[in-house]
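*Asks:* Here is the input, now give the coordinates:
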Amino acid sequence: MPIKTKRWNDPKVCALMARLEIVNDSAWNRRAPDSYPCSLEVRTEDGREEVRRELADRFGPPPPAVDNLLDYAVLKALCEKLLVASVERHAEQVAIKFHPETPVRPEQVVGVIRAHGGLRLDPSGVLWMNLGRDRPRLTQTVRNVLLQLRTEG
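*Replies:* Numbers count the residues shown, from 1 in each chain. Okay, here's the model as predicted:
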């Protein structure tokens, strides 16, 4: 899908967007702080909004694709923190697979399942979510469940 805003076709903007990345803390700390002057990081909702404001200040209102990229960066950071091995969409369901060393305890998952409809845990330990047709965007739905797991217990 072509980007309709001419400002986003600027090579400098494309270079900046290519540098928009998510890195874990240890990788970021090893990197020289002046390695790239426009490097932006997104790990939290506040960071997402800060980056979005910065991009809008420099280049005008970003297209929806940029908002999607920022949403996925926040989700990826949360998944890394909770050691989520994968998030896969299957039609109107999402499967969240946890790494064996995840800090999320089984009782936390059970508590979230009991508190909310549309969630189930299969025998292999995969958390399934029913998205339904009226649910918010995938990234928001998954992020909301993972945030509850992070703050439980």
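
*Asks:* Kindly report the domain assignment for this structure.
*Replies:* With automatic domain parsing as the criterion, the domains of the chain are listed as 6-78, 83-151.

*Asks:* what helix or strand does R120 sit in?
*Replies:* Per DSSP states H and E, R120 falls inside strand 119-121.

*Asks:* who touches that strand?
*Replies:* Here strand 119-121 makes contact (CB atoms under 8 Å, 6 or more residues apart in numbering) with V109, V110, V112, I113, L127, W128, M129, N130, V145. For every residue, glycine as well, the C-beta is placed using N, CA and C.

*Asks:* redo that, cut-off 6 Å
*Replies:* Residues outside strand 119-121 that contact it (CB atoms under 6 Å, 6 or more residues apart in numbering) are V109, I113, L127, W128, M129.

*Asks:* Counting only helices, which of those make the cut?
*Replies:* V109, I113 (DSSP state H).

*Asks:* just the buried members of the contacts of strand 119-121?
*Replies:* Those of the contacts of strand 119-121 that meet the buried threshold are V109, I113, L127, M129, by 16 or more other CB atoms under 10 Å.

*Asks:* Quick one, grab the pLDDT at the last one.
*Replies:* The predicted structure scores M129 at 92 on the pLDDT scale.

*Asks:* from what I can see it touches I96, true?
*Replies:* No. Contact status for M129 versus I96: not in contact, 7.1 Å apart, counting by CB atoms under 6 Å.

*Asks:* Now do the shared contacts for the two.
*Replies:* Residues touching both M129 and I96 by CB under 6 Å, 6+ apart: none at all.

*Asks:* The helix ranked longest in the chain: which residues count as buried?
*Replies:* Secondary structure of the chain per DSSP H: the longest helix is helix 64-82. Of the residues in helix 64-82, those buried under the neighbour-count criterion (16+ other CB under 10 Å) are 66, 69-79, 82.
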